[in-house]
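Colleague: all I have is the shape, not the residue letters:
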Ligand SMILES: NC(=O)CC[C@H](N)C(=O)O
């Protein structure tokens, strides 16, 4: 899908240069966290976020990387700038992966969301806006120029949440 944004892969701090937005994908959050710390990317992203000149969207493992609190894995390396508490792999083995239609604030019809060994958002801080819930639970949140989803929006062939993020990035 072509949404008119120029994209590049980011692995090292210098890859951030000139970027307005960063998507931190799903995968394995411990690996992402360790490598980002080792390669100095964590610190570089932190500085840009603190200056307010980078929008960051974490999906699934990426959301875990952004989370301030991981009560069950407090020492896991992460950026930790988003005021939420998350629990990893929170939906148990049987239903480790599932798909659901979720209502998203600002969208006029439901979004089909894929949850893959998804984390659960246990708490959101005062500055955090919940944009979508599955049942009672937040699954898409935003705080300033940070966004986190516990599902994988890239698997739906629906670009509406990507468009929301581009607006944040262009901010
Ligand atoms: N789909 C995903 O990104 C899964 C996240 C993974 N379970 C983790 O804790 O890192």
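Modeller: Nice, I can see it. Please read all numbers here as calculations on a predicted model, not as lab measurements. Residues are numbered from 1 along each chain as shown.

Colleague: could you list every residue that touches the closest residue to residue 143 other than its chain neighbours?
Modeller: Leaving out its chain neighbours, the residue that sits closest to residue 143 by C-beta to C-beta, 6 or more residues apart in numbering is residue 128, at 4.5 Å. In this view, the C-beta of every residue, glycine as well, is placed from N, C-alpha and C. Residues counted as contacts of residue 128 (C-beta atoms under 8 Å, 6 or more residues apart in numbering) are 82-84, 141-143.

Colleague: can you map out the helices along this structure?
Modeller: Per DSSP state H, the chain carries helices over the ranges 29-38, 41-51, 61-66, 160-170.

Colleague: thinking again about what came up before, out of the contacts of residue 128, which are close to the ligand?
Modeller: Among these, no residue sits close to the ligand (C-beta under 6 Å from any ligand atom).

Colleague: what pairs with the residue nearest the centre of the chain across the strands?
Modeller: Per C-alpha atoms, centre = their mean, the C-alpha nearest to the average position across the chain is that of residue 58, at 1.7 Å. For residue 58, the beta-bridge partners are residue 24, residue 148 (DSSP bridges).

Colleague: and it, how far from residue 109?
Modeller: For residue 58, the distance to residue 109 (C-beta to C-beta, to the nearest Å) stands at 25 Å.

Colleague: repeat that for residue 89.
Modeller: Residue 89 sits 30 Å away from residue 109, taking C-beta to C-beta as the criterion.

Colleague: higher neighbour count, these two?
Modeller: residue 89 (14 against 10; other C-beta atoms under 10 Å).

Colleague: residues contacting that one?
Modeller: Here residue 89 is in contact with 96, 117-119 (C-beta under 8 Å, 6+ apart).

Colleague: confidence score at it?
Modeller: Residue 89 is assigned 91 on the pLDDT scale.

Colleague: measure it to the ligand for me?
Modeller: 5 Å (C-beta to the nearest ligand atom, to the nearest Å).

Colleague: and residue 131, by the same measure?
Modeller: For residue 131, the distance to the ligand - C-beta to the nearest ligand atom - is 19 Å.

Colleague: does that residue touch residue 103 like I think?
Modeller: No. Using C-beta atoms under 8 Å, residue 131 is not in contact with residue 103, being 9.5 Å away.

Colleague: looking only at neighbour counts, state which of the two leads.
Modeller: Using other C-beta under 10 Å, the more surrounded residue of residue 131 and residue 103 is residue 131, with 21 against 13.

Colleague: what score does the more buried one have for pLDDT?
Modeller: With respect to pLDDT, residue 131 has a value of 98.

Colleague: residue 3 is in contact with residue 163, isn't it?
Modeller: Yes. Contact criterion C-beta under 8 Å: residue 3 and residue 163 qualify, at 6.3 Å.
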